[in-house]
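Novice: output the structure for:
(chains A, B, C and D)
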2 protein chains.
Amino acid sequence: MLGYALLGLLARGDRSGYDLTQGLKDPVGYFWHAQHSQVYPELARLEGAGLVTHSVVEQAERPDKKVYRQTDAGRAALRAWLTADTEVPRKRDELVLKAYSMWQTEPARAADMLRAHARAHAAHLAEFERRLAEVTLRAGTELHDPRSPWFGIQAVLRRGIGYEREYRDWCEWLAGALDGAGQALSPTTP
Amino acid sequence: MLGYALLGLLARGDRSGYDLTQGLKDPVGYFWHAQHSQVYPELARLEGAGLVTHSVVEQAERPDKKVYRQTDAGRAALRAWLTADTEVPRKRDELVLKAYSMWQTEPARAADMLRAHARAHAAHLAEFERRLAEVTLRAGTELHDPRSPWFGIQAVLRRGIGYEREYRDWCEWLAGALDGAGQALSPTTP
DNA sequence: ATCATCATGTAAGGGGTTACATGATTTA
DNA sequence: TAAATCATGTAACCCCTTACATGATGAT
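Specialist: Residues are numbered from 1 along each chain as shown, chains lettered A, B, ... in the order given. Next comes the predicted model:
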C-alpha cells in the first residue's frame, strides 16, 4: 500500500526518500502518511522488485542523496493497482468512540472539548480552501483535464474540504445538543 | 484504546466477549471495530488491571460463556479517558490515495469505479438513516438527554450519516469530472 | 548556543488482521 | 448436506510508531 503511495509520487517526478517523506504530508498525506523510517525500507523493497531505480546525487553543503525514479514496471504496477478493486475502508476515530460514551460524563465539559475540535477542523478546512484557490490559479485549464497531475491534487483537496466541513459541523451540532439540555431538562443531575 | 471501546460497551450493560465483538460492529463499530482474537486477550488484560470482572454463565444447548461486568475502577477509567485530550486522527484512505494518481489511468474506467463507490456509500447512508429513524422512535424524549445512552447512539449515527453523504457526493463529483473531459474539456464544478 | 532543516538508516515494540483450533445447534 | 450462529481461545505475521544513531549547515 505504502509502495503505491510512493509510486504515485514518483509518477510526478524523481525524488529522494527525504522528499517522498515530505510529499507524504502535503496534500495527499492528509489521506496517506508515513514516517521516514517506513519510507527508506520500502524504497529498498521497491528497488528489489524492480519498480524503481536510484542514482546518488552528490551535493556540496548538503548530505548526498539517493534520487529514485520509477521504472516501466513501476508505472505498470501503479496502473494495475489503480484499476484494481478498492475495499471500502474501515475507519477508527477516537472522538466518535468517545461520543458513544459521552452520556457517561459532564455535558458541559464534553461540549467544550467538541468545540475545540470544531475549531481544529475549521482551521484545516480554511487551509484546504486556501490551497485549492492557489492550485486553481496555478493549474489553469489543466485543472479540469483528468490526465493532468493537477487533477489528482484537486481531487484530494476537495475530499479534504468536504471531510473537514462535515466533521466541523458534526462537532458543533453535538456540542449544541450537549449544552442544550445542560440546564433545561436534567432530572438526573448528581 | 480498544479497552475503552469495550468499557464503553460494558457501561451499557454486562456482556460476554462474543457479544462485545458483535457490539463492535453496530453502530459504534463503524468508527471502531475489532476481531474476537483481539477482544478476548484485551478482556483478560482489563481484568488483570481490575477494570472488569467476569462470571461464567452455563447455558443448555449453547456453549458456556463468560459475562463481563465493569468495576468502579473501570467506570472511573472510562470517565478519565472521556475528558482527556483527543488527538485529531490521521486518516488512511486507499480510494483518495488512488484519486491522487488517477490522472495516470483511463478516465472512463476510473469514473465507473467511483460510481460503484458512490453507490456503496449511498447504501450505507440509507442504512444509517433508517437506523436513526428507528432509534428516534425507540428513544423518545431520551434522545435529547445527554445523560441517556441513546444520546451516544444518536451521535455516532449522525456522524455516520454526514460522513457517508459527503463521501458519496465526492465520488459522484469526481466521476463526473472524469468523464466530463473524456471527449472534450467542459467545466464541471460541484 | 540551540534549534530547525537536510539526509539516511536500524531496532524495538504495539496494535491489528488472518489463520489455526474446537465443537454444538439451528437454518437453508 | 452445507452453512451460519454461538462461544472462546492461540499463533504468526504485517504495518506502523517511536526511539536510537549520525552529522553537516543555516537561522534565531
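
Novice: tell me the domain ranges of chain A?
Specialist: Chain A resolves into domains spanning A:2-83, A:94-180 when parsed by automatic domain parsing.

Novice: compare those domains and give me the one nearest DNA strand D.
Specialist: Nearest to DNA strand D, of all the domains of chain A, is domain A:2-83, at 3.2 Å by CB to the nearest atom of the strand. In this view, the C-beta of every residue, glycine as well, is placed from N, C-alpha and C.

Novice: is DNA strand D within reach of that closest one?
Specialist: Yes. Using CB under 7 Å from any atom of the strand, domain A:2-83 reaches DNA strand D at A:2, A:33-35, A:37-38, A:61-63.

Novice: grab the nearest non-local neighbour of residue A:151.
Specialist: residue B:103 (4.8 Å; CB to CB, 6 or more residues apart in numbering or on different chains).

Novice: and for residue A:180?
Specialist: residue B:144 (7.2 Å).

Novice: hang on, that neighbour packs against residue A:179?
Specialist: No. In this structure, residue B:144 is not within contact of residue A:179 by CB atoms under 8 Å, at 11.9 Å.

Novice: and the spatially most central residue of chain A, what does it touch?
Specialist: Centroid check for chain A by CA atoms, centre = their mean gives residue A:30 as the closest residue, at 1.4 Å. By CB atoms under 8 Å, 6 or more residues apart in numbering or on different chains, the contact list for residue A:30 reads A:156, A:160, B:91.

Novice: and it, what's its pLDDT?
Specialist: What the model reports for residue A:30 is a pLDDT of 95.

Novice: now do residue A:36
Specialist: 97.

Novice: any idea of the pLDDT on residue A:184?
Specialist: With respect to pLDDT, residue A:184 has a value of 49.

Novice: actually, residue A:27.
Specialist: Confidence score, pLDDT, at residue A:27: 90.

Novice: list the contacts for it?
Specialist: A:128, A:131, A:153, A:156-157, A:160.

Novice: low-confidence ranges in chain A?
Specialist: A:181-190 (pLDDT under 70).

Novice: where do the helices sit along it?
Specialist: Counting by DSSP state H, one finds helices in chain A at the ranges A:2-10, A:17-23, A:36-48, A:72-83, A:94-101, A:107-139, A:149-180.

Novice: who are the packing partners of the fifth one?
Specialist: Same thing as helix A:94-101. Secondary-structure packing of helix A:94-101 (3 or more CB pairs under 8 Å, 6 or more residues apart in numbering or on different chains; DSSP states H and E): helix B:2-10, helix B:72-83, helix B:149-180.

Novice: repeat that with 6 Å
Specialist: Using 3 or more CB pairs under 6 Å, 6 or more residues apart in numbering or on different chains; DSSP states H and E, the elements in contact with helix A:94-101 are helix B:2-10, helix B:149-180.

Novice: just send those helices back as CSV, with mean neighbour count and distance to DNA strand C too.
Specialist: Compiled in CSV, those are given as follows (neighbours: other CB atoms under 10 Å in any protein chain shown; distance: least, CB to the nearest atom of the strand, whole Å):
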stretch, mean neighbour count, distance to DNA strand C
helix B:2-10, 23, 4
helix B:149-180, 22, 17
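
Novice: out of those helices, flag the one nearest residue B:70.
Specialist: Residue B:70 sits nearest to helix B:2-10 of all these, at 4.3 Å, using CB to CB.

Novice: and that closest one, what does it pack against?
Specialist: helix A:94-101, helix B:17-23, helix B:36-48, helix B:72-83.

Novice: which one of those lies nearest to residue B:175?
Specialist: helix A:94-101 (27.4 Å).

Novice: quick one: name the residues of chain A near DNA strand C.
Specialist: Residues of chain A lying near DNA strand C (CB under 7 Å from any atom of the strand): A:16-19, A:22, A:36-37, A:40-41, A:43-44, A:59, A:62-66, A:90, A:92.

Novice: so how far is chain B from residue A:82?
Specialist: 4 Å (CB to the nearest CB, to the nearest Å).

Novice: got it, and residue A:71?
Specialist: Distance from residue A:71 to chain B, by CB to the nearest CB: 15 Å.

Novice: what's near enough to touch the residue lying closest to residue A:97 once chain neighbours are set aside?
Specialist: Excluding the flanking residues, the one nearest residue A:97 by CB to CB, 6+ apart is residue B:32, at 4.6 Å. For residue B:32, the contact set (CB atoms under 6 Å, 6 or more residues apart in numbering or on different chains) comprises A:92, A:97, B:5.

Novice: check residue A:79 too.
Specialist: Taking CB under 6 Å, 6+ apart, one finds residue B:105 in contact with residue A:79.

Novice: what's the spacing between it and residue B:31?
Specialist: When CB to CB, to the nearest Å is applied, the distance between residue A:79 and residue B:31 equals 33 Å.
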